[in-house]
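Novice: Got a sequence here, can you model it:
(one chain, ligands or ions: 1)
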Amino acid sequence: MPNITGHTELVGLMAYPIRHTQSPTTHNLAYDKNGDDVIQLAFEVDNDSLEAAVNSIRALKMLGSNISMPNKTVVHKYLEEVDEAARLCGAINTVVNTRDENGQVTGKLKGYNTDGMGYWQGITEEGIDFKGMKMVLIGTGGAATAIAVRGALDGIAELQIFNIRDKFYARGEEIVETINNNTECKATMNDLADLDLLKEKMQEADIFCDATGVGMHPLEDISNIPDPSFFRPDLIVTDTVYAPRETVMMKQAKEAGCTKIYNGMSMMLFQALIAIELYTGKSTDVEYMKEKLGI
Ligand code: NAD
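Specialist: Numbers count the residues shown, from 1 in each chain. Model prediction:
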């Protein structure tokens, strides 16, 4: 239990529904470890109450707030500034109350997307330099968009995005256009039903990511990949799913002899640690957090 005093500063989490969230556990553990007199609390906020909630960051001199659904694509309207990757993604998950030269919060709010940063920091922490790599990415939803945009900005050379022809497909075409117009990365949108093309691109790729909900409940018994022959043993294989810790896709990759296989836990951890650093300026001991959170 943190020692809350008259000096304790507040970070929010604004989403609906929100009561199932793990975020305050992670944040409060980190603030405690870093010796910061800061707590995070979760607030039920939907699109109707978002403007007033964001104004409360200014009025209460909060350090900022994490933002989750349904507010990620709306909150930019109420901010002074938006980071480039968040602007290109069209989604914000972290709002920072910027500080002046004396370290005092200014009430000028800046939005970031730390999901993509978190994914790529997790890769970097594994000792992998992803600059110049070719990537195959399945998915065009929130997680996939954040990973694609941040990867393209930070040096992924080629991005082959695949998705089923559902309501997300057109969004994928927009992401590809955004990436090709704003970064050095060459992005292409493909139909996930074209399995020959998927296999060909996976054979050519350095890194693969499944950023769909396939592999987690209620789709925990299936994979987007038909069989292990799609994987080359030296392919870096990642899944954004973290429950279960090993998806059907990850088991297939293991069967194919892949040794660099990572689930979504590090993305989840690092998106939080990056947000915490944006709020307090302090980095957190990663090994301590992994041990305490059982990662
Ligand atoms: P979303 O709803 O925005 O996007 C869902 C994506 O999955 C779309 O591309 C959709 O076309 C695809 N999809 C849905 N059903 C499918 C099916 N049956 N077959 C193939 N594709 C299908 O969701 P999101 O927020 O982008 O989340 C996607 C996944 O990433 C989820 O598993 C989520 O838990 C995970 N995620 C993890 C982290 C993390 O920190 N590790 C963060 C965000 C999301």
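Novice: Got phi/psi on the residue positioned nearest the centre of the chain?
Specialist: Residue closest to the mean C-alpha point of the chain, counted by Cα atoms, centre = their mean, is D115 at 1.7 Å. Main-chain torsions, D115, degrees, to the nearest 10: phi -60, psi -50.
Novice: Only C-alpha atoms, please: export stretch 124-131 in PDB.
Specialist: What follows is stretch 124-131, C-alpha atoms only, in PDB (Å, rounded to 0.1, in the frame of the first residue of the first chain):
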ATOM      1  CA  THR A 124      15.700  -4.500 -28.900                       C
ATOM      2  CA  GLU A 125      16.000  -5.900 -25.300                       C
ATOM      3  CA  GLU A 126      16.400  -9.400 -26.800                       C
ATOM      4  CA  GLY A 127      19.600  -8.100 -28.500                       C
ATOM      5  CA  ILE A 128      18.000  -7.800 -31.900                       C
ATOM      6  CA  ASP A 129      18.800  -4.800 -34.200                       C
ATOM      7  CA  PHE A 130      15.700  -4.700 -36.400                       C
ATOM      8  CA  LYS A 131      16.900  -1.800 -38.700                       C
END
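Novice: Show the average pLDDT along it.
Specialist: On average, the pLDDT along stretch 124-131 is 97.
Novice: cool, stretch 277-287 as well?
Specialist: Here the average pLDDT along stretch 277-287 is 97.
Novice: Hmm, the residue nearest to the centre of the chain is touching T94, no?
Specialist: No: D115 is not in contact with T94 according to Cβ atoms under 8 Å; the separation is 9.2 Å. Where C-beta positions appear, they are placed from N, C-alpha and C, glycine not excepted.
Novice: which ones are touching the closest residue to the ligand within the stretch 101-250 of the chain?
Specialist: The nearest approach of the stretch 101-250 of the chain to the ligand comes at G141, 1.9 Å away (Cβ to the nearest ligand atom). If you count contacts by Cβ atoms under 8 Å, 6 or more residues apart in numbering, G141 has them with F168, R171, A211, T212.
Novice: Which of those ranks first by neighbour count?
Specialist: The most crowded member of the contacts of G141, judged by other Cβ atoms under 10 Å, is A211 (27 neighbours).
Novice: For A144, see how far away that one is.
Specialist: Distance of A211 to A144, given as Cβ to Cβ, to the nearest Å: 4 Å.
Novice: Common neighbours of these two, please.
Specialist: Contacts common to A211 and A144, judged by Cβ under 8 Å, 6+ apart, are L137, I138, T240.
Novice: Pull out the buried residues from these.
Specialist: L137, I138, T240 (16 or more other Cβ atoms under 10 Å).
Novice: Could you dump those residues into JSON lines with secondary structure and pLDDT added?
Specialist: Listed next are those as JSON lines, based on DSSP: H, G, I helix; E, B strand; the rest coil; pLDDT from 0 to 100:
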{"residue": "L137", "secondary structure": "strand", "pLDDT": "98"}
{"residue": "I138", "secondary structure": "strand", "pLDDT": "98"}
{"residue": "T240", "secondary structure": "coil", "pLDDT": "97"}
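Novice: So which of the residues you listed would count as near the ligand as well?
Specialist: Counting by Cβ under 6 Å from any ligand atom, T240 from the buried ones among the shared contacts of A211 and A144 sit close to the ligand.
Novice: Would you mind listing what in this protein touches the ligand?
Specialist: So the chain meets the ligand at 115, 139-144, 163-164, 166, 168, 211-214, 216, 219, 224, 240-242, 264, 267-268, 271 (Cβ under 6 Å from any ligand atom).
Novice: Which of these fall within strands?
Specialist: N163 (DSSP state E).
Novice: Could you identify the buried members of the residues of the chain next to the ligand?
Specialist: Here, 16+ other Cβ under 10 Å leaves 115, 139-144, 163-164, 168, 211-212, 214, 216, 224, 240-242, 264, 267-268, 271 buried among the residues of the chain next to the ligand.
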